[in-house]
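**Q** What follows is a predicted structure for the sequence shown.
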Amino acid sequence: EDDSEGDSEGDSDSNAARNSVAAASSAPPPRAKAKVTIGDIAADELGVAPASAPQEKPQRNGDGPLEPMLVETSDSDTTDDEMHATDGLGNIPLEWYDNEDHIGYDLDGNQVAKGTAKDKLDKFLDKMDDPDYGRKVTDRLTGEEILLTDEEIDLVKRIQSGQYAGTSDPYEDAVDMFSYKKRVTPLHSAPEPKSSFIPSKWEHKRIMKLVRAIRKGWIKPRSAAKPQAPEYYDIWKDEGDARPARLQHIPAPKLPLPGHEESYNPPEEYLPTEEEIKEWNEAHVDDRKRPFLPRKYSSLRLVPAYNQFIQERFARCLDLYLCPRTIKNRMKVDPEALIPKLPKPKDLRPFPTTESVVYRGHTDKVTSMSIDPLGQWIVSGSEDNTVRFWELLTGRCCKTLTFDEEIVCVRWCPNPSISLVAILYGKTLLLVNPRLGPLAASNGTDKLMRPVEEQDVPSPLLWQSFSGTEADEHGKRFAIKHPKEVESVSWHAKGTYLATVSPEGVSDAVFVHSLQRQHSQNPFSKKSREVQHVSFHPTQPMFFVASKTHVRVYNLHTQTLVKKLSPGCKWISSIAVHPQGDNVIIGTFDRRFCWFDMDLSVRPYKTLRYHRLAIRQVGFHKRYPLFASCSDDATIQVFHGMVYNDLLQNPLIVPVKVLKGHSKSPEGLGVMDFAFHPKQPWLVSAGADKTLRLFT
C-alpha cells in the first residue's frame, strides 16, 4: 500500500516506511507458525528423533547476538490455513493441559476442546476391521488420524535401524552454490532504508479504523464454535417423569336417570305379568334385574315411601368410599405391528399343493402307511385285516397280504439296502421282505434274516421264523410275540434296530429289537406306564420316550436320563425328530402342535393350534425344510420349518398350505397317517375314508 501511494504522498511514504522498520526492529521477533508433519508424529510415537524437524540457522538482527531462525517445511499440498488451524494456542507445552478438558485458548479467548481419544476397545476394533491400522498415527494436537505414506514408513524404519534418514549418499561431494573466490568489493553497500525502523503511520490509521468499526458494531468478531453434541444420550428421555403424577380429582360416576319403570303411572308394557312377578320373587337378590317391581298408581298421593331408600343410599356411599378411581393410560399400539412379519408362501416353494393320485382298494379305515426309502412303493395297513403294496406313481396295487386281526401300524425300513417292512397286529410284530425293491437289497436282506443258531443271552421275546410258502410267496421272515398288544413301531436310521410300544404294559411297555443278533431287550426295568410312542435320534445314541404328558430323552450309552420335555398337554399322540436331531415336534389329542428346541429349553419354543380336532400324526421331510400334521378334521397342515446352523437365530416356522381331500368317517375320524416322499416335496396320506392320496 505504501508503494502504491508513493506518487501522491512523497515524503509521507518514506516516513511511514521508516516507522515500520523501526517497529519491526524494536518488536520481538515473530514466532514462526508451528508445523506438525507426518514424519514428526510418526517419530514421536515410535520414540525416535524426528526426521524432518525444523533446522535452526543463525540469524543476526541488527547488532545483537545470534538468534535461531525457524525454517518452516511442509511436504503436503495443504494450505497454511488448513495446516495451522490450531496455531493460535501459543507456543506452550501441551503437558500443562493433561488434567484439563481443553488444550488452550483461541484468539477470542474461548477454550479449545481436546480431540476425542479412543479407548482400548475402540483401538482393538479398529485393529481388527481397518486394514490400514498399522499405517496410521494420531496427531496429539488435533486428535486427527494421519495415514503414513510408503516413503514416510521407510524413513521411520531407516531411523530405527540407525541408518541415515535421507535416501541420498551423505558422503557425496559438496556442491559450491556460490563462488569460493574472495571479491574485493561487496555486492552492494546501500544503507538500510529509514522505513525499516520507523512505525508505519498509514498502518496505524487503518488499524484504528478497524477498531472504531468493531466498537460501533459495523464489524462483528468471529462467533464461537458450536459445541459438539455428546455421543451418549438418555434412552429414557421420552419416557416422561418417573415420579407419580399428582392425583387429580376424578368425579364420581353419576347415577342413571329414572326411566318409565320408576314412574308411578308407567305404561302398560312396563307392568310385569304374574309369571314375571313370581319369577322375580323366587330369584336371588343379586340375580334380579332391578330391585323393585313397577306398579301403577292413580295419583301421586297414593305412592308409598320407598322401603329400599336407606339401603340404596348406604350402598352408594360404600361404592364411593371403597371403589378407587384412577386414570387409565391407553396404550397406543398399532395392531398390525403385533402381527409377525412372515415371508409369503409362494417364496417358500416347493411344497405339496395338488392332489395327484388316489389309491382305492381297502374296504375299511386305513390306519397306517409308509413309503420305501427309494420313493417307488407305498405300504398301507387297514382295519379290513389287509396290508397292500402300491406303486406310488401309478396307484396300482401289486401285492396284498391278509391277516386275522386288524392292522395297527406299518413301517418301511429307512435303510435302502435292507428291504423289510414291520407290520403290527394284535400282540405280533411281523417282519416281511416284500421283494419290490432292487434285487440286491432283497437278497442281502434274506442273508441278514437267516436264523441264528445259538445266542449267548436268551431273548425275552420269541423270534419265530417262517419257511415254505409263507416265506417264499408272502416274504414273511420273523414274527415276534409280545406280552401285550403293540400299537406303534419306530426304526433306527441305520435300519438294524427297531422299537415297539405296548401302552398297556407296565415294565414291558418298550422293547428294542436287533436284526443282526435276532434278539429283543427291555431297556427299562422300572415301571413305565402310559408310554405312547418312541423314536431314535438320527445321529446320536439318544432315545425319545413319549408318555401321555411328557417326553423323556435317554442316553443309550450312559443309560441316563438327559432331558424331560414338558409340552403342557393332556395326551401326546405322536412325536417326530428333525433330521439334524436338534428339534422335536409333538402332536397331541387336545389339538396342540408343539415345537421343541433341544438346545433352548424343555418348554415348547412354539405351540401351534391350527387344527379343530385331535392331531393324529406329525412328521418332518428328510431333505426339504417342511413338516406337517394331520388331524381328525380331515385336513393336513403343511409348514415351512427352516432350521439355521447359527445358534443365535431362531427357527423360521411359516404355515404354507392346508391340504384337503379326505372326508370324515361316521365315527368322526379324518386323516389317520401320512408320510413325506424321501426325495421329492410330495406327501402321501391315509384316511378313514378307505383311501390313500398323493399330494404333489
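**A** Arrived safely, thanks for sending. All figures in this text were calculated on a predicted structure; none of them were measured in a lab.

**Q** what's the spacing between the residue lying closest to Ile572 once chain neighbours are set aside and Val658?
**A** In space, and not counting its chain neighbours, Ile572 is closest to Ala546: 4.9 Å by Cβ to Cβ, 6 or more residues apart in numbering. C-betas here are computed from N, CA, C, even on glycine. Relative to Val658, Ala546 is positioned 26 Å away (Cβ to Cβ, to the nearest Å).

**Q** swap in Ile407?
**A** Distance from Ile407 to Val658, by Cβ to Cβ: 28 Å.

**Q** between these two, which one's more packed in?
**A** Remark: of Ile407 and Val658, Ile407 carries more neighbours, 26 against 11, as counted by other Cβ atoms under 10 Å.

**Q** Pretty sure the more buried one sits against Ser370.
**A** No. Taking Cβ atoms under 8 Å as the definition, Ile407 is not a contact partner of Ser370, at 11.7 Å.

**Q** quick check, Gln637 in a strand?
**A** Yes. Under DSSP: H, G, I helix; E, B strand; the rest coil, Gln637 sits within a strand.

**Q** what about it, how many neighbours?
**A** Neighbour count of Gln637, defined by other Cβ under 10 Å: 21.

**Q** Might you report the residue contacts of it?
**A** Applying Cβ atoms under 8 Å, 6 or more residues apart in numbering to Gln637 gives the contacts 593, 610-611, 628-631, 655, 657-659.

**Q** Report the beta-bridge partner residues of it.
**A** Counting by DSSP bridges, Gln637 is bridged to Ser629, Val658.

**Q** For it, give its distance to Asp599.
**A** Taking Cβ to Cβ as the measure, Gln637 and Asp599 are separated by 25 Å.

**Q** Show me the shaky parts of the stretch 401-550 of the chain.
**A** Low-confidence segments of the stretch 401-550 of the chain, defined by pLDDT under 70, are located at 528-529.

**Q** now the strands for it?
**A** Chain-ordered strands for the stretch 401-550 of the chain, with DSSP state E, counting those that start in this stretch as the definition, fall at 409-412, 421-425, 428-432, 463-465, 476-481, 488-491, 497-501, 510-514, 519-521, 533-536, 542-546.

**Q** which residue of the protein sits farthest from its center?
**A** With Cα atoms, centre = their mean as the measure, the chain has its most outlying C-alpha, relative to the mean C-alpha position, at Val184: 91.4 Å.

**Q** Name the secondary structure element that contains it.
**A** Assigned by DSSP states H and E, Val184 belongs to neither a helix nor a strand.

**Q** now what about stretch 672-680, what contacts it?
**A** So stretch 672-680 is in contact with 365-371, 373-375, 392, 616-617, 619-624, 626, 628, 630, 636, 682-688, 696, going by Cβ under 8 Å, 6+ apart.

**Q** mind listing which of those residues are in strands?
**A** When DSSP state E is applied, the contacts of stretch 672-680 are split such that 366-371, 616-617, 619-620, 626, 628, 630, 636, 683-687 fall in strands.

**Q** any idea how far the residue farthest from the centre of the chain is from Thr394?
**A** Using Cβ to Cβ, Val184 is found at 126 Å from Thr394.

**Q** same deal with Cys413?
**A** With distances defined as Cβ to Cβ, the gap from Cys413 to Thr394 amounts to 23 Å.

**Q** These two - which one has more neighbours?
**A** In this comparison of Cys413 against Thr394, neighbours counted by other Cβ under 10 Å, the higher total goes to Cys413 at 25 against 10.

**Q** Pull the contacting residues for that one.
**A** Cys413 is in contact with 373, 419-422, 491, 495, counting by Cβ under 8 Å, 6+ apart.

**Q** Same check on Ser382?
**A** For Ser382, the contacting residues are 362-367, 388, 406-407, 690, by Cβ under 8 Å, 6+ apart.

**Q** Please report phi then psi for it.
**A** In this entry, Ser382 is assigned phi and psi values of phi -130, psi 170 (degrees, to the nearest 10).

**Q** next one: the one 3 residues further on
**A** Summarising the backbone geometry of Asn385 under the convention degrees, to the nearest 10, its torsions are phi 70, psi 30.
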